[in-house]
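Trainee: Need coordinates for the below:
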Amino acid sequence: MKNKILTLGLVTVFATLSISCNKKTEEATVTPTIDKEQIKLEIQALENTFAEHFNSKNADSITYYADDAKSFFIGRNPITSKDSIIEFLKKDIANLEKGVKFSFTTNEVHVSNDGINVTEIGEFKLVDSTGVKIESGNYFSVFEKRNGKYVCIRDIAASNIPQKEK
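Mentor: As a prediction, the model looks like this:
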């Protein structure tokens, strides 16, 4: 009887040790709290600043783009690098009639779980000096947080004005 009790005791001790040694400990993962509304406001502020510099015909002050950004426009080859995009914008600005203003509205933001990447879906509007809409359209912009601030790494825009048939 003593052997059975001793054997049962040893089996219980070994089983307990085996289970407790093999039990995986859950690692504490800290997921940052992402405030999507705050990020949406931050992205809208970037859009407002972009429009402000564009409308004042000061493309050199646009800090919206990352150095390695790419911009896509319908009917054009992709524009690669911040410097090339700024040069393109300078030409675009030079062709604007006096008093014409751009505005951008952030409609949606889709934020990565770590808050580093943001995809923005928005709309743009171009008005003349009297406020009459000349053109409007939609855009997607992809932002990445670098050195504590968001910069645009990719964007694409499309006008709502139907293209002429070729």
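
Trainee: which strands and helices sit next to the host helix or strand of E52?
Mentor: Under the criterion of DSSP states H and E, E52 resides in helix 36-55. With contacts taken as 3 or more C-beta pairs under 8 Å, 6 or more residues apart in numbering; DSSP states H and E, helix 36-55 sits against strand 101-111, strand 117-127, strand 133-146, strand 149-159. No exception for glycine: its C-beta is placed from N, CA and C like everyone else's.

Trainee: and the angle for it with strand 149-159?
Mentor: In terms of direction (axes from the mean of the first three to the mean of the last three C-alpha atoms, to 10 degrees), helix 36-55 departs from strand 149-159 by 70 degrees.

Trainee: orientation of helix 36-55 relative to strand 101-111 in degrees?
Mentor: Using the same axes, to 10 degrees, helix 36-55 lies at 150 degrees relative to strand 101-111.

Trainee: And the helices and strands packed on helix 36-55: which comes nearest D83?
Mentor: strand 149-159 (14.0 Å; C-beta to C-beta).

Trainee: remind me which residues of the chain are low pLDDT?
Mentor: For the chain, applying pLDDT under 70 flags the ranges 1-32, 163-166.

Trainee: Next, format the helices and strands packed on helix 36-55 as a markdown table and append mean neighbour count and distance to F88.
Mentor: Formatted as a markdown table, these follow (neighbours: other C-beta atoms under 10 Å; distance: least, C-beta to C-beta, whole Å):
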| stretch | mean neighbour count | distance to F88 |
| --- | --- | --- |
| strand 101-111 | 17 | 14 |
| strand 117-127 | 17 | 16 |
| strand 133-146 | 16 | 15 |
| strand 149-159 | 18 | 12 |
